[in-house]
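Asker: sequence first, predicted coordinates after that:
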Amino acid sequence: MEELQLEISCSRTYSESAIEIDASHMDTRELNSLLREIMLSGYERAVLRNVCGQRYIGTRLYSPERRVVTIEIYGTPGNDLGAFLFGHRVLVHGNAQDGVGNTMESGEIVIEGRAGDVTGMSMRGGRIFVQGDVGYRAALHMKEHDQKRPVIVVGGTSQDFLGEYMAGGMVILLGLYGAHTARFIGSGMHGGAIYLRGSIREDQVDGHVLISRPDDADRELLGHQISGFLERFPDLSLERDDILECDWTKLSPRSSRPYGKLYA
């Protein structure tokens, strides 16, 4: 990789190789081309510093050998972080912009700050963990694919149109920092489930959405995902059981064809 004339420092441990990149003077295409070269060269971890708005980080990293790389980001990645992600792990020490996990297939994205609009758009597998809040239209067109069930766990809450046209998967809002004030939740929702710690008003939810309480099976699923969230954000110093024992609200579709009568 010497022909790229980049300042790259390498380190190795007993089980993996890591490479560190200063992205301060790199554009989107250059950075993503380098990440693909790093993956194909056998590195298992890439640390990106001074990231500022570069888009599509984690895209174009599919390989027939199904290589897997961990991408650790310091800074603020641009739109479509982890778009079409296929088995890799992305960790952001900060905020992320719009479109995190767009059409994500598998793997994991962890955001230590806030994520923008359409987080998890058309997501088909894998998990996204966000310590803070998410923006508008999170989980838009989220769906289940083969045996995969995508999951989004948010420490805070979301803005309007959460789960719009949601067709599958699981969204969990822990509400750690305040009440859920979003409107138009579940508009056009016809699959999957949304779980919110606390309560919401009926006028915040689309009329095609059923409001209920989680049953024992739901709570088992919630406990597993909450444990995963707390493992990724240990600085929160929270206990799973304390969160799980609170009041929870489940949102699910009343029908798999909410607009069927429009086309009958």
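Answerer: Looks like it arrived, so ask away.
Asker: verify the stated contact: residue 164 with residue 190.
Answerer: No - taking contact to mean C-beta atoms under 8 Å, the distance of 10.9 Å between residue 164 and residue 190 leaves them out of contact. Any C-beta I mention is one placed from the backbone N, CA and C, and that applies to glycine too.
Asker: mind checking which of those two has more residues around it?
Answerer: Higher neighbour count among residue 164 and residue 190: residue 164, with 22 against 19, using other C-beta atoms under 10 Å.
Asker: please name the residues that touch that one.
Answerer: Residue 164 makes contact with 137, 139-141, 184, 186-189, according to C-beta atoms under 8 Å, 6 or more residues apart in numbering.
Asker: residue 80: neighbouring residues, count only.
Answerer: By other C-beta under 10 Å, the burial measure for residue 80, its neighbour count, is 23.
Asker: where in the stretch 1-150 of the chain is pLDDT low?
Answerer: Using pLDDT under 70 as the threshold, the predicted model of the stretch 1-150 of the chain has low-confidence ranges 1-16.
Asker: may I have the longest helix along the chain exported as CSV, CA atoms only?
Answerer: Among the segments of the chain that qualify as a helix by DSSP state H, the longest is helix 216-232. C-alpha atoms of helix 216-232 as CSV (Å, rounded to 0.1, in the frame of the first residue of the first chain):
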residue,chain,number,x,y,z
ASP,A,216,-43.1,-13.3,28.9
ALA,A,217,-41.7,-14.3,25.5
ASP,A,218,-41.3,-10.6,24.7
ARG,A,219,-39.5,-9.9,27.9
GLU,A,220,-37.1,-12.7,27.3
LEU,A,221,-36.2,-11.2,23.9
LEU,A,222,-36.0,-7.8,25.5
GLY,A,223,-33.7,-9.1,28.3
HIS,A,224,-31.3,-10.5,25.7
GLN,A,225,-31.1,-7.4,23.7
ILE,A,226,-30.8,-5.1,26.7
SER,A,227,-27.9,-7.2,27.9
GLY,A,228,-26.2,-6.7,24.6
PHE,A,229,-26.8,-2.9,24.8
LEU,A,230,-25.3,-2.6,28.2
GLU,A,231,-22.2,-4.7,27.3
ARG,A,232,-21.5,-2.2,24.5
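Asker: pLDDT of that helix, averaged?
Answerer: Averaging pLDDT along helix 216-232 yields 97.
Asker: stretch 174-192 now?
Answerer: Across stretch 174-192, pLDDT averages out at 96.
Asker: buried ones in that stretch?
Answerer: Of the residues in stretch 174-192, those buried by neighbour count under the rule 16 or more other C-beta atoms under 10 Å are 174-176, 180, 182, 184-192.
Asker: does residue 72 belong to a helix, a strand or coil?
Answerer: On the three-state scheme (DSSP: H, G, I helix; E, B strand; the rest coil), residue 72 is labelled strand.
Asker: renumber starting at 24 from here on
Answerer: With 24 as the first residue, the last one maps to residue 95.
Asker: number of nearby residues for it?
Answerer: 17.
Asker: list the residues that contact it.
Answerer: Contacts were defined as C-beta under 8 Å, 6+ apart; by that measure residue 95 touches 68-71, 114, 116.
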